[in-house]
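# Got a predicted model here, sequence first, then my questions.
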Amino acid sequence: MPKNSLLLFALEHSHVLGNAIAQQLGLALAPHEERVFEDGEHKARPLQSVRGRSCFVLHSLYGEPAQSVNDKLTRLLFFIATLKDAAAKEVTAVVPYLAYARKDRKTQPRDPVTLRYLAQLFEAVGTDALLVLEVHNPAAFQNAFRCSTETLDCTALFAQQLVDRLGDSAVTVVSPDAGGVKRAALFRQNLAHSLGRSVTMGFVEKFRSAGVLSGELLVGEVSGRHVLLFDDLISSGQTLLRAARACHQQGATAVWALAAHGLFNADAASVLSDPMIERVFITDSVPLRLTPGSALANKLEVVSCADLLAEAIRRCHEGGSIVELMQG
């Protein structure tokens, strides 16, 4: 890709993934500076002209001790507005992990619909398009935003990793809750195509009230089969562990967990180190924060999403098809 075709910025804490994406595009990350002032305020600005240029800003919105979700969100919003003020032709936010995407409907009286409010913030600063990876509910995400949106899924990334490792074993893809059935079904379809044989499907019921999980019904045949639990993210790990136990109780021979975003909040590392889950696969959408040598680290595999994001950025810039990218 010609050096002057687009500008790719990666804000603080997204540099590692940003450099990997830039390398795939044949670019260097566009220079910028970020400053934090004594009172906690901050600013960021590009260090080269962006006038008339197509700009892509990479920032994954996950929380960590150094910067909260809200810190990262405001920095991204302010930087997008800065680029628009500096006469950028268009600005696309590349947000591998989108915070607040799970709060897309009212589940209690007077509940907020935070995803819609988030969309209003992006639109208010002049965001032209948003590119996300494995968003929690694609339909709700697309309906919340009035600017252009593109959603990428990880089905092909994970399928490619598993083809040689599954061998001739009978495989069942299981969603750890009913709400993720469509996501898991897409993965099942992609995996079956890659394997060249049938892959069955199932799901585990889940109810959540005041943070307490319940529900144990498993729908689908897993006895004597290799089970792949497929979800969009791992937070505490409790949902996956519940599903893994249900699968083993019904005779599954092995259970692996796959998710795009490894947040690993609270005591997730301890929860997922349970032998009920033999392997855990995630992408690098969120930097890995685990103690080396921990029980989870020893059975965790990270699949890079840099190539996928780079190709999506290329297609967004050149007018290519994201649908064809997702369909292989």
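All right, it came through fine.
# my guess is Ala159 meets Asn190, correct?
Yes: the criterion here is Cβ atoms under 8 Å, and Ala159 meets it with Asn190 at 4.8 Å. In short, each C-beta sits where N, CA and C put it, glycine included.
# Checking my notes, Val94 in a helix, right?
No: counting by DSSP: H, G, I helix; E, B strand; the rest coil, Val94 is not part of a helix but strand.
# surely it meets Leu76?
No: if you go by Cβ under 8 Å, Val94 and Leu76 don't touch, sitting 10.0 Å apart.
# residue ranges with poor pLDDT in the protein?
Applying pLDDT under 70 to the chain flags residues 1-4, 206-215.
# isn't Cys247 right up against Val255?
Yes: with contact defined as Cβ under 8 Å, Cys247 reaches Val255; the gap is 5.2 Å.
# what ranges do the strands span in the stretch 101-250 of the chain?
129-133, 148-152, 171-175, 200-204, 207-209, 212-214, 218-219, 226-234 (DSSP state E, counting those that start in this stretch).
# Would you mind putting these into JSON lines with mean neighbour count and distance to Arg242 alongside?
Output for the strands of the stretch 101-250 of the chain, formatted as JSON lines (neighbours: other Cβ atoms under 10 Å; distance: least, Cβ to Cβ, whole Å):
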{"stretch": "strand 129-133", "mean neighbour count": "22", "distance to Arg242": "25"}
{"stretch": "strand 148-152", "mean neighbour count": "19", "distance to Arg242": "27"}
{"stretch": "strand 171-175", "mean neighbour count": "25", "distance to Arg242": "11"}
{"stretch": "strand 200-204", "mean neighbour count": "21", "distance to Arg242": "7"}
{"stretch": "strand 207-209", "mean neighbour count": "11", "distance to Arg242": "11"}
{"stretch": "strand 212-214", "mean neighbour count": "11", "distance to Arg242": "6"}
{"stretch": "strand 218-219", "mean neighbour count": "16", "distance to Arg242": "10"}
{"stretch": "strand 226-234", "mean neighbour count": "25", "distance to Arg242": "10"}
